[in-house]
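Novice: take a look and give me a structure for this.
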Amino acid sequence: MKKLLTATLLCISLSAAAQLNVHVPTIDEVGATRLPADIAPVHAPFSVPAFKKPVFPKYTVTIKGQGNSQTKEIQQAIDAVSKKGGGTVIIPAGNWHSGRIILKSNVNLHLEENAVLEFGGEISDYLPVVFTRTEGVEVMSLGACIYANGQRNIAVTGKGKLVGPPANCPVRKQVMRQDVIENVVAANKPVAQRIYDGHDGGPVYLPMFVSAVNCKNVYLEGLQLENTPFWNIVPIYCDNVIIRGITVNSVGIPSGDGIDIESSKNVLIEYCTLNCGDDCFTLKAGRGEDGLRIGRPTENVVIRHSLARQGHGGITVGSETAAMIRNLYVHDVVFDDTEVGLRFKTRRPRGGGGENLHYERIRMRLRLDAFRWDMLGARMYVGALADRLPALPVNKLTPVYRNIYARDIVVDSARALVRVDGIPESPMTGFHLENVEAHCTRFVQSIDANGISISNANIYTTDSALTLTDSRNITFEKVHIINPANKVVVNISGELTDNIRFSNSVPEKPEGWETSTWKKN
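Specialist: As a prediction, this is how the structure comes out:
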């Protein structure tokens, strides 16, 4: 079944179209330069704790510096301060050099203004191997430049700068390139035997920049991060995480994600500025069989007053989704020159998915799409599972996306407002978008979706196409589509496409439709 429907648009004035009645922030109102001294209360559509700044004992140790590397001195200071009951280790202004640093409970590692801490590029700088999670799979490898495991009340703060290992160093050159990680690390292999230490030139999994694992009460504020070896800030299996006023620059670095929340809960991210070589703000929950084995979701996360600049996605859910990402609230953020705005990724063998995701008061200037679901991936990563058809039986590794809400959205420029590439056996389900002002090339391109509602929207397009394939229960309420051709071309295909309704919209009843609702014969 395939139909091509052309509807003539009526000329309308802005006064007759939908209008936003709330303030959507501009670029000068968000990001690290706007960081306030205090944390304002959080009002989310789900329960979160009262986020508060940590308080550390007054005891301090200031690093003095000896030799070419200060690894030993910094680590001894952290160990001593923690053993004494807590306090602050201060890295003063100047250039400092270190290998991996391991944070301990009740310690604030504080970089003063004009302090630059550069990390080494030798494999030995990050040995012995430590427990970590790389791309959603647990391994024993290099961990992170600043690492913690099983600690409480830890912080990295200040106006200083962290700089990653130099280009072409052994750490970067010995990165595992054999295959995607689930094809290298067997799910039934004990984690203690999954050792990637670079011995005799062998492969390693790259260290993250700052990563706390199995920690409670983690606080990061004010720092600048440059030249990361891999993902920048990565809490894994953590509870009560606050990330404020962070600036990241990793443009040009493959897998240079900004902030990745991995199977953690009760997280606040605010007033950050991310300029990244991959996704900017990212939510993850484990990959495939290994992620299902652990079964720890990412949940209760708030992202607000932040700025995403260059990056593959402004805020991305996935693609590692095994234990579910749920209860996400994003508000008052700006994407400026980002590729995709709100990105939802997963794959057939990843499992889990995302649900109960909320987005409000967001402004976007994009190279690609505003809302983008990519649930199939590419053959180079998942083989034939990337082929849309035939639909496959649903199993424990079939992911889902459902119950997603967005309102008060301004899209200054984008390729498409909404693009969905779902999974035929697990269509994207339940996306509700209201109060929109969007300038984009195309309006909606949807494959394998069930339940999209768009209401109270002005959509200025240069392409007249609206494309729906095996998409059903689609509603346009008070939607005005304005383009130079003064028409919209509706392309409908797929046996499952059904129940497409226009109400109080332009077009109100597309030409060729008997009523305002299109149903298959």
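Novice: so what's M364 up against?
Specialist: Neighbour list for M364: G314, V334, F335, T338, G341, A370, I409, V410, V411, D412, S413, A414 [criterion: CB atoms under 8 Å, 6 or more residues apart in numbering]. Every residue, glycine included, has its C-beta placed from N, CA and C.
Novice: by neighbour count, which of the residues you listed wins?
Specialist: Counting neighbours by other CB atoms under 10 Å, G314 leads the contacts of M364 with 31 neighbours.
Novice: wait, what's in contact with it?
Specialist: Shown in contact with G314 (CB under 8 Å, 6+ apart): C280, F281, A308, V333, F335, T338, V340, G341, L342, R343, M364, L366.
Novice: can you count the residues close to the first one?
Specialist: So the one you mean is C280. C280 has 32 neighbouring residues, counting by other CB under 10 Å.
Novice: cool, and the second one?
Specialist: Using other CB under 10 Å as the criterion, F281 is surrounded by 29 other residues.
Novice: how far away is the nearest residue to it once chain neighbours are set aside from A370?
Specialist: Distances taken as CB to CB, 6 or more residues apart in numbering place I315 nearest to F281, at 4.5 Å, with adjacent residues excluded. Relative to A370, I315 is positioned 12 Å away (CB to CB, to the nearest Å).
Novice: try G252
Specialist: To A370, G252 is 25 Å away according to CB to CB.
Novice: could you do L20 as well?
Specialist: Plainly put, L20 is 15 Å away from A370 if you go by CB to CB.
Novice: ok, now Q75?
Specialist: Q75 is 46 Å from A370, where distance means CB to CB.
Novice: and the helix or strand the residue nearest to F281 falls within, average pLDDT?
Specialist: Assessed by DSSP states H and E, I315 sits inside strand 313-317. Average pLDDT, strand 313-317: 98.
Novice: which residues of the stretch 151-300 of the chain fall in helices?
Specialist: 170-173, 288-294 (DSSP state H, counting those that start in this stretch).
Novice: just name the most buried of the ones you listed.
Specialist: Compared across the helices of the stretch 151-300 of the chain, helix 288-294 shows the largest average neighbour count, a mean of 21 (mean count of other CB atoms under 10 Å).
Novice: which residues sit against it?
Specialist: 136-138, 182, 185, 187, 263, 285-286, 320-323, 349-352, 396-397.
Novice: tell me where the stretch 301-450 of the chain has strands.
Specialist: Using DSSP state E, counting those that start in this stretch, the strands of the stretch 301-450 of the chain run over 307-308, 313-317, 325-338, 340-345, 353-366, 371-374, 400-421, 428-461.
Novice: given the second one, what are its sheet partners and their directions?
Specialist: What that stands for is strand 313-317. strand 281-284 (parallel), strand 340-345 (parallel) (DSSP bridges).
Novice: between the last one and strand 353-366, how big is the angle?
Specialist: Read it as strand 340-345. Relative orientation of strand 340-345 versus strand 353-366 (axes from the mean of the first three to the mean of the last three CA atoms, to 10 degrees): 160 degrees.
Novice: which residues touch strand 340-345?
Specialist: Contacts of strand 340-345 (CB under 8 Å, 6+ apart): 279, 312-319, 321, 330, 335, 354, 359, 362, 364, 366, 368-375, 377, 401, 404, 406, 411, 414, 428.
Novice: ok, the shortest one next?
Specialist: Contacting residues not belonging to strand 281-284 are listed as 136, 257-263, 269, 272, 274, 298, 301, 303, 306, 308, 313-321, 325, 328, 354 [CB under 8 Å, 6+ apart].
Novice: now find how far off-centre it is within its chain.
Specialist: 3 Å (CA atoms, centre = their mean, to the nearest Å).
Novice: pull the CA atoms of that strand into CSV?
Specialist: Extracted as CSV, the C-alpha positions of strand 281-284 are listed here (Å, rounded to 0.1, in the frame of the first residue of the first chain):
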residue,chain,number,x,y,z
PHE,A,281,25.6,15.1,27.3
THR,A,282,24.9,11.3,27.3
LEU,A,283,23.0,8.8,29.3
LYS,A,284,24.0,5.1,29.2
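Novice: would you mind measuring the gap between the ends of stretch 216-225?
Specialist: Using CA to CA, to the nearest Å, the end-to-end distance of stretch 216-225 comes out at 23 Å.
Novice: mean confidence for that stretch?
Specialist: On average, stretch 216-225 scores 98.
Novice: how far away from the center of its chain is it?
Specialist: The answer for stretch 216-225 is 17 Å, by CA atoms, centre = their mean.
Novice: which other residues reach that stretch?
Specialist: Outside stretch 216-225, the residues that touch it by CB under 8 Å, 6+ apart are 32, 35, 53-54, 108, 111, 148, 152-162, 164, 209-210, 212, 232-233, 235, 238-250.
Novice: wait, P229 sits on S141?
Specialist: No - using CB atoms under 8 Å, P229 is not in contact with S141, being 11.7 Å away.
Novice: now the spatially closest residue to K64 that is not a sequence neighbour: how far from A144?
Specialist: Sequence neighbours aside, E73 is the residue nearest to K64 in space, at 7.2 Å (criterion: CB to CB, 6+ apart). Noted for E73: a distance of 19 Å to A144, by CB to CB.
Novice: the more surrounded of these two?
Specialist: A144 (31 against 18).
Novice: not counting its neighbours along the chain, what's nearest that one?
Specialist: A144's closest residue in space is S211 (CB to CB, 6+ apart), at 3.7 Å.
Novice: how many neighbours does that neighbour have?
Specialist: By other CB under 10 Å, the residues close to S211 number 28.
Novice: bridged to it, which residues?
Specialist: With DSSP bridges as the criterion, S211 is bridged to Y147.
Novice: separation between it and Q178?
Specialist: S211 sits 23 Å away from Q178, taking CB to CB as the criterion.
Novice: swap in T228?
Specialist: According to CB to CB, T228 stands 22 Å off from Q178.
Novice: what does V139 give?
Specialist: 13 Å.
Novice: quick one, which of the two is more surrounded?
Specialist: V139 (26 against 8).
Novice: assumed that one was part of a strand.
Specialist: Yes - counting by DSSP: H, G, I helix; E, B strand; the rest coil, V139 is part of a strand.
Novice: was I right about it contacting E182?
Specialist: No - using CB under 8 Å, V139 makes no contact with E182, being 11.6 Å away.
Novice: just give the number of residues close to C145.
Specialist: 30.
Novice: which residue, other than its chain neighbours, is closest to it?
Specialist: Nearest residue to C145, sequence neighbours excluded (CB to CB, 6+ apart): F119, at 4.5 Å.
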